[in-house]
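*Asks:* can you look at this prediction? I've put the sequence above it.
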Amino acid sequence: QVHLVESGGGLVQPGGSLRLSCAASGFAFSTADMSWYRQAPGKERELVATITSPSGNTNYADSMKGRFTISRDDATMTVYLRMNNLKPEDTAAYYCNAKWRSATYLLQSYWGQGTQVTVSS
């Protein structure tokens, strides 16, 4: 059974930093593309960053480039999101997502339960 468990959210002042973690289990983590999404109240869920498998290539939404860093540790089946210089507009629930193709090439996509990040003074 696939599980994605996010942690590391919380309240931080503007300009501060947080590191989110997503612990994965129940699937071949090293073959999955891992992403972070976020959803603010009243807004649609948006992609924050992706790290692919097996190349480890990364992609970021424009507003996060230079401030956020996604990384993965295949040995511990964990994906991280380091967030620096946080702004109030970064306040949202942050979700971990795993995607891979099954043996029959069907796209598999799973979500974690989310972790809240609040940026406020």
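*Replies:* Yep, that arrived.
*Asks:* use CA for all of it now, contacts and neighbours both
*Replies:* Will do.
*Asks:* how about the backbone phi and psi for the closest residue to Phe29 other than its chain neighbours?
*Replies:* Excluding the flanking residues, the one nearest Phe29 by C-alpha to C-alpha, 6 or more residues apart in numbering is Met77, at 5.9 Å. Backbone geometry at Met77, expressed as degrees, to the nearest 10, gives phi 60, psi 50.
*Asks:* right, and Met77 touches Ser25 too?
*Replies:* Yes - applying C-alpha atoms under 8 Å, one finds Met77 in contact with Ser25, separated by 7.0 Å.
*Asks:* what about Pro88, neighbour count?
*Replies:* Number of residues near Pro88 (other C-alpha atoms under 10 Å) recorded here: 15.
*Asks:* mind listing what the residue lying closest to it once chain neighbours are set aside touches?
*Replies:* Counting by C-alpha to C-alpha, 6+ apart, Pro88 lies nearest to Val119, which is 4.7 Å off, once chain neighbours are set aside. Counting by C-alpha atoms under 8 Å, 6 or more residues apart in numbering, Val119 touches 11-14, 86-91.
*Asks:* quick one: which of those residues has the most company?
*Replies:* Comparing the contacts of Val119 by number of neighbours (other C-alpha under 10 Å), Leu86 comes first, having 22 neighbours.
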